[in-house]
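Undergrad: sequence first, then the predicted structure:
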Amino acid sequence: LGSFIGSILVVPFAMLASTNIIHSRVVVAAMRLLLSIIRTLPTLVSALIATYIFGLGTLAGTTAIAIFTFAYIGKILYEEIETVDMGPFEAMEAMGATKVRAFISAIVPQVLPSYLSNCLFCFEGNVRYASILGYVGAGGLGLILNEKIGWREYASVGMILLALFVTVFIIETISRAARKRLV
């Protein structure tokens, strides 16, 4: 859920951070600064802050993953937007379309395969990060893993790690197949 929320929420920010879409240096600089500041926060620090705000549990972990995804995908997406062919965008604007409508019709189809591929890659990493976030009280598999280690139930720890390995492997395999079809 955190991966999905972060990936969707970042799209307008990436659009506003792209110099070929937005010509106001102030807006572009503000959006890039925002994305840079968010990107400098490690996921564990975001999880600690979210745990302080929302309390212990999965909401804190979901928030931390959404923040990480937002910053990671945002940087890649605005750089990808800046490399597209601007001809269709400029033609739509010349015909009277708004920037948003021209962006959706002319830019999105050009960056969509790369955007989805990067979102899938980020999702793979977030599944692994989610197991670590439990150590700071952000819920999820890491919380259970930490508890089992504390009780020295090493057989359970091994099974959790095996399940995590298999899950990540399956997600990576599906993601790799999906990325091949996208690109």
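TA: Alright, I've got the coordinates.

Undergrad: list the contacts for residue 65?
TA: By C-beta atoms under 8 Å, 6 or more residues apart in numbering, the contact set of residue 65 is 2-3, 6, 43, 126, 129-130, 133. Using the backbone N, CA and C atoms, a C-beta is placed for each residue, glycine as well.

Undergrad: helix or strand with the lowest mean pLDDT in this protein?
TA: helix 141-150 (a mean of 84; mean pLDDT, DSSP states H and E).

Undergrad: can you give me how far that helix is from the chain middle?
TA: 25 Å (C-alpha atoms, centre = their mean, to the nearest Å).

Undergrad: got a list of contacts for it?
TA: Outside helix 141-150, the residues that reach it (C-beta under 8 Å, 6+ apart) are 61, 130-135, 137, 154, 156-157, 160-161, 164.

Undergrad: mind redoing it with 6 Å?
TA: 131-135, 156-157, 160 (C-beta atoms under 6 Å, 6 or more residues apart in numbering).

Undergrad: swap in stretch 32-47?
TA: Applying C-beta under 6 Å, 6+ apart, the external contacts of stretch 32-47 come out as 17, 64, 67-68, 71, 74-75, 129, 133, 136, 138.

Undergrad: repeat the analysis, applying 7 Å as the threshold.
TA: 13, 17, 60-61, 64, 67-68, 70-72, 74-75, 129, 133, 136, 138 (C-beta atoms under 7 Å, 6 or more residues apart in numbering).

Undergrad: do stretch 121-139 as well
TA: 2-3, 43-44, 47-48, 50-51, 56-58, 60-61, 64-65, 69, 72-73, 140-146, 164, 167-168, 171-172, 175.

Undergrad: just the ones in helices from these, please.
TA: 2-3, 43-44, 47-48, 50-51, 58, 60-61, 64-65, 69, 72-73, 141-146, 164, 167-168, 171-172, 175 (DSSP state H).
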